[in-house]
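S.K.: Got a sequence here, can you model it:
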Amino acid sequence: MSKLIFSFVVSLLCLLNQAVYACAVCYGDPNSLMAKGANMGIMTLLVIVGVVLALFLSLVVYLARADRAAHK
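M.R.: Numbering: from 1, shown residues only. Okay, the predicted model is just below:
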């Protein structure tokens, strides 16, 4: 029970801290280097996820064609 109370208090303190809400877009210049870096990081992760999903889809299509060819 004490671990639950401790984790609740720590979570509450983290959420009430004003530094949690501070970001370059909300409280600063949206054209700053930090905001541009965050945007580039997001775009990079989106590209990586898109490439992985495309490769997975191509694997499924390849396996379906190979199965169809093997069972003719």
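
S.K.: Residue 34: neighbour count?
M.R.: 13 (other C-beta atoms under 10 Å). Using the backbone N, CA and C atoms, a C-beta is placed for each residue, glycine as well.

S.K.: what's the spacing between it and residue 54?
M.R.: For residue 34, the distance to residue 54 equals 31 Å [C-beta to C-beta, to the nearest Å].

S.K.: Over to residue 66?
M.R.: Here the criterion is C-beta to C-beta. By it, residue 66 lies 19 Å from residue 54.

S.K.: do the same with residue 31
M.R.: Plainly put, residue 31 is 32 Å away from residue 54 if you go by C-beta to C-beta.

S.K.: Could you pull out the helices in this structure for me?
M.R.: With DSSP state H as the criterion, the chain has helices at 2-16, 24-27, 33-70.

S.K.: in this structure, which ranges drop under the pLDDT threshold?
M.R.: Scanning the chain for pLDDT under 70 picks out 1, 17-27.

S.K.: how about a cut-off of 90?
M.R.: Low-confidence segments of the chain (pLDDT under 90): 1-39, 72.

S.K.: residue closest to the middle of it?
M.R.: In the chain, the residue lying closest to the centroid (C-alpha atoms, centre = their mean) is residue 45, at 6.8 Å.

S.K.: How much space separates that one from residue 33?
M.R.: Distance from residue 45 to residue 33, counting by C-beta to C-beta: 19 Å.

S.K.: now do residue 69
M.R.: Relative to residue 33, residue 69 is positioned 53 Å away (C-beta to C-beta).

S.K.: again, but for residue 43
M.R.: Residue 43 sits at a distance of 15 Å from residue 33 (criterion: C-beta to C-beta).

S.K.: same check, this time on residue 64
M.R.: Residue 64 sits 46 Å away from residue 33, going by C-beta to C-beta.

S.K.: do residue 11 as well
M.R.: Using C-beta to C-beta, residue 11 is found at 31 Å from residue 33.
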